[in-house]
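J.: Turn this into a model:
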Amino acid sequence: MLSDAFSSCQVEKNHLETDSPQWRRDLETATQSPTSDNIAVLVTLLSDPASGEMPRQAIAEALGRTGHADASDALLRGTSDKDETLRGLCAIGLGAIHSRDSVIRLLDLLTDGSNTVRNLAERSLLQMPEAISQFGIECLIELLEHPVPLSRSPAARLLGLTQDPRGLVPLVKHLKQDKQWLVRMWAAKGLGDLGSDSAFDDLAERLQNDEKNRVRAAAAEAIGKLHHPGSEAVLTAALSDPDGGVQKHAEESLAKLRRAQIGYDEPEEHHEPHFEDE
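T.: Just a heads-up that it's a prediction; the model follows:
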């Protein structure tokens, strides 16, 4: 049984925004043993801007965790709302639902007109690489051809994280041919995560020749993950790159390779390097 605060749907704005212990207990009660009535109350609160930003996010996350069909349906519907805040909140909630419908809808949101919504959808997708591999590889490959670079970039990132071999050819294509450096950078990172030695030659070529320092740095990082016989020589040459950030990535990748050679796998401390174009 919910407290009066939830059951009446008449929650005062200040009460929600203070995130009071009672309100948290109400939310926990509503989602531990969810009913259609409880879900309907929470969906009403989620849709109301007066509920407050942080409580609405907590509700979206809680709805996703319930596993209740009504909650899933409400979150999926909300991603099509004209209010971009609600679309983003629903994208957050869908991150806990590793279903085909959730994956496909979140991938669709990578083309949303709002940068915030795209980022929130990507964040949720990062939580479900196995579900993406099961339901979304073809959609990701299609997204790599999207005209907007800020939609292609997360597609490249996610495709690599799935470690699905189907990602090799399209990622190499965009590493070599995409006109936008941000996409080439994430294609390089994606190929490193994919872990296929078949990408070595193309990554080495980009490390040596790409005009953008961030792409060269990403290629150096990726090569450090491949353990290819030619990795050490290519990375050693990159220590002379004119950009300090690229040099730093090459140095860290070399250190990683050498630790692997002696069987020392303790994670190294990583410092984000400074790039000359900053």
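J.: contacts, neighbours, all on C-alpha from now
T.: OK.
J.: wait, Leu161 sits on Gly190?
T.: Yes - shown here, Leu161 and Gly190 form a contact pair, counting by CA atoms under 8 Å, at 6.6 Å.
J.: Tell me the helix or strand right after the lowest-mean-pLDDT helix or strand in the chain.
T.: Every helix and strand in the chain was compared by mean pLDDT, DSSP states H and E; the lowest is helix 13-17, with a mean of 43. Toward the C-terminus, helix 13-17 is succeeded by helix 21-32 as the next helix or strand (DSSP states H and E).
J.: avg pLDDT for that next one?
T.: Averaged across helix 21-32, pLDDT comes to 77.
J.: name the helices or strands packed onto the next helix or strand after it?
T.: Next along the chain after helix 21-32, taking DSSP H and E as the criterion, comes helix 36-47. Under the contact criterion of 3 or more CA pairs under 8 Å, 6 or more residues apart in numbering; DSSP states H and E, helix 36-47 touches helix 4-7, helix 21-32, helix 53-66, helix 69-78.
J.: can you list contacts of whatever helix or strand Leu150 lives in?
T.: Per DSSP H and E, Leu150 falls inside helix 149-162. Residues from elsewhere that reach helix 149-162, judged by CA atoms under 8 Å, 6 or more residues apart in numbering: 110-111, 118, 122, 125-126, 129-130, 132-133, 137, 140-141, 143-146, 167, 171, 180, 182-183, 186-187, 189-194.
J.: how about low-confidence regions in the protein?
T.: 1-20, 263-278 (pLDDT under 70).
J.: Break it into its domains for me.
T.: Domain assignment for the chain, taken from automatic domain parsing, gives 1-135, 166-278.
J.: For these, give me CSV that also has mean neighbour count.
T.: Output for the domains of the chain, formatted as CSV (neighbours: other CA atoms under 10 Å):
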stretch, mean neighbour count
domain 1-135, 19
domain 166-278, 20
